[in-house]
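*Asks:* Provide a 3D model corresponding to the input given below.
(chains A and B)
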Amino acid sequence: MRLSKAFIPTLKEVPSDANIPSHQLMLRGGYMRQLTAGVYSYLPLGVRALTKAMNVVREEMNAVGGQELLLPALNPESLWIQSGRRNVPNFILSIKERDLVLAPTHEEVIGYIASMHIQSYKDLPQTWYQIHTTFRNEPRPRSGVLRGRQFIMKDAYSLDRSWEDLDKSYDAQAEAYKKIFNRCGIKFFIVGASSGAMGGTGSQEFMIESEFGEDTTALCASCGYAANLEVATSLMPKAARVEKNEPLKEIHTPNVKTIDQLVEFLNIDQSRFAKSLVYRHNGKPLLILMLGNDQLNESKLTAALGGGNASPMDAEELLSLTGADGGSIGPVQLTGFRIIADKRLEGLNGLISGANKNDYHIANIDLARDVNVDGYYDLRSIEAGEPCPKCSKPLKISNAIELGHIFKLGTKYSDTLNITYLDESGKSNPVIMGSYGIGMERIVACYIEQNHDKDGIIWNKVLAPYAIHLIAVNMSSKEVAAASEKMYGQLGEMGVEVLYDDRANITPGFKFKDADLLGMPIQVIVGDKGLKNGQLEIKRRKTGERILVKLEDALTEIKKILSE
RNA sequence: CGGGGUGUGGCUCAGCCCGGUUAGAGCGCCUGCCUUGGGCGCAGGAGGCCGGAGGUUCGAAUCCUCUCACCCCGACCA
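*Replies:* You can find the predicted model right below:
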């Protein structure tokens, strides 16, 4: 492609809306432009990079027996009502003129097709996938392409007859994912994750570490334990029971609201306090007890509650239902609430909690004696430095971007959408499903996050839109123009993808800056300086290393570098 | 959805508090000359109903009200 004819609008200045490197560079390099919040147009260079990523994904999906489909973005609303996902918050975008919705994923359509055509155990297993535009009602799009309302997803679905076969399909996808990200040159790690509203029995996320990530993960450098904070655990010890079980005692605690203030006011260790959090779960009042200053993890809470909508109660309701304001609420003699507690509180006594009377707390609480606790669950967010659940070494906490997510769905959709097959004995069974997603733009953006410098993107040959950026330093020099044109022709004949800067009246500095910004892995520079000695220059974008080669050796040398 | 911020030429921004020339700068763009190894120089030029609507005023980019859009923090997030 000749740059003189190409549509690659580069920008010298950083657009003010872009805050993270991948976003800035994709805009500056003319890879894409924003249309509206969370929606981007991909320009020619962006399409080429995305296409490269898609090719890798296709190859690896096909290699594990995936069959490519193309499913419609427009879905009948009724299908989503049937699966029970029509009203999942912030999930589906719909259109106004018809009872149609824009599909945010395709379990429903896969299920619809499968329910019609999968009839016998002989039809199983199947793995179907697509690479397709997906829509989600993101409340707050951000970070460029990392979180959009419209994005391209590779989504795959496995259909199996048994849980054992699901494990095989799932493992095959996991292996394919590793190959995909490795081939793309992305440094990733895998964490155990919550299956959330997706349902199912297990899931893992493929992550890259990034300060701009929206997920938080716990990692053990020693044994390799890795989990999303939504599900991460640690070996934080429970507090112990105290020997003497004293009777309940009210204590005056004027203007003492937080656990930290209580610790200071009473001079008692925080492990003697039961913190009360007041929520509504599906409309019903819920009191959650946490040990000391442990932080509630809402993902764990939702999981413990078996789904549904849990949110903090507002201050007015709090007062009318408990008789006290936040900071003075506790479990003793509290009526109308379901009470659950974190596992670290299990069986404890000698605790202090709110008295449901402003400025008072109650001491000597024995959860077994004084409170009707409806279950102990793991509800707390772990913190950095806590002992790894597997090997007890300190855990590290870091932010991460989710590149891919794989789920063992089980029968959730088979049940609602009636996806069954007949086994050898003629008995009807639900199909066991798995689902596997990759954000295609995230591949490109995450790669850039990990591979850029102050000048621009640093592509590897797998994702690079072009293998070579050929620069004619000065087109007004007849010799340079002739040698460049010849090189462009020869590389083209070799089948190499070349971006050729043949622009006239553009100064060399400008061309070099553009080349570094766009980031092709190899720059071939033809200028008078080298031609005097019958040479041209080859520069590696990644290292900045330059070598001079004789014109007649250039093709051989380039071939050699390309095959590395 | 709560909090904050920003909308002035293609991009980055100044001007706004404290209303009053013809609305500015840099970059980019066009023309000519010049230059040719790290976003070159000189000269000339095009391009803006100051996000939108309403109001106050003799007069509004500037003050007030409403509204829309975008960005950030939080909430949320398959």
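
*Asks:* please make it C-alpha for all contacts and neighbour counts, starting now.
*Replies:* Noted.

*Asks:* for the residue in the stretch 351-500 of chain A positioned nearest to RNA strand B, phi and psi?
*Replies:* Nearest residue of the stretch 351-500 of chain A to RNA strand B: A:Asn474, at 4.6 Å (C-alpha to the nearest atom of the strand). Main-chain dihedrals, A:Asn474, degrees, to the nearest 10: phi -150, psi 100.

*Asks:* how does chain A divide into domains?
*Replies:* A:55-232+A:397-448, A:249-377, A:466-562 (automatic domain parsing).

*Asks:* in this structure the residue of the stretch 351-500 of chain A closest to RNA strand B contacts A:Ala504, no?
*Replies:* Yes. A:Asn474 is in contact with A:Ala504 according to C-alpha atoms under 8 Å; the separation is 7.2 Å.

*Asks:* okay, those two: which has more neighbours?
*Replies:* A:Asn474 (23 against 14; other C-alpha atoms under 10 Å).

*Asks:* which residues touch the more buried one?
*Replies:* A:480-481, A:504-508, A:527-528 (C-alpha atoms under 8 Å, 6 or more residues apart in numbering).

*Asks:* same check, this time on A:Ala53
*Replies:* Here A:Ala53 is in contact with A:184, A:440, A:443-444, A:462-463 (criterion: C-alpha under 8 Å, 6+ apart).

*Asks:* A:Glu205: which of the residues you listed is nearest?
*Replies:* A:Ile443 (13.8 Å; C-alpha to C-alpha).

*Asks:* please identify which helix or strand holds the closest one.
*Replies:* Element membership for A:Ile443, per DSSP states H and E: helix A:440-450.

*Asks:* need the next SSE after that helix, C-terminal direction.
*Replies:* Using DSSP H and E, the helix or strand that follows helix A:440-450 in sequence is strand A:452-453.

*Asks:* next, give phi and psi for the residue nearest the centre of chain A.
*Replies:* In chain A, the centroid-proximal residue (C-alpha atoms, centre = their mean) is A:Glu402; its distance is 2.0 Å. Dihedral pair for A:Glu402: phi -90, psi 120, per degrees, to the nearest 10.

*Asks:* same question for A:Ala554.
*Replies:* Backbone torsions for A:Ala554, taken as degrees, to the nearest 10, come to phi -60, psi -50.

*Asks:* count of residues packed around it?
*Replies:* With other C-alpha under 10 Å as criterion, A:Ala554 counts 18.

*Asks:* the one 10 residues further on now?
*Replies:* The number of residues packed near A:Glu564 is 6, by other C-alpha under 10 Å.

*Asks:* ok, now A:Arg380?
*Replies:* By the criterion of other C-alpha under 10 Å, A:Arg380 has 27 neighbours.

*Asks:* show me what contacts it?
*Replies:* A:290, A:294-297, A:300, A:342.

*Asks:* how much space between it and A:Leu74?
*Replies:* 40 Å (C-alpha to C-alpha, to the nearest Å).

*Asks:* tell me where the stretch 1-150 of chain A has helices.
*Replies:* A:21-28, A:44-63, A:77-83, A:107-117 (DSSP state H, counting those that start in this stretch).

*Asks:* where's the closest residue to A:Ile268 other than its chain neighbours, which helix or strand?
*Replies:* Among residues not flanking A:Ile268 along the chain, A:Leu262 sits closest, at 7.9 Å (C-alpha to C-alpha, 6 or more residues apart in numbering). Assigned by DSSP H and E, A:Leu262 belongs to helix A:259-266.

*Asks:* who are the packing partners of that helix?
*Replies:* Using 3 or more C-alpha pairs under 8 Å, 6 or more residues apart in numbering; DSSP states H and E as the contact test, no helix or strand touches helix A:259-266.

*Asks:* tally of neighbours for A:Thr216?
*Replies:* Applying other C-alpha under 10 Å, I find that A:Thr216 has 20 neighbouring residues.

*Asks:* how many neighbours does the residue nearest to it when sequence neighbours are not counted have?
*Replies:* Counting by C-alpha to C-alpha, 6+ apart, A:Thr216 lies nearest to A:Asn399, which is 4.5 Å off, once chain neighbours are set aside. Neighbour count of A:Asn399, defined by other C-alpha under 10 Å: 19.
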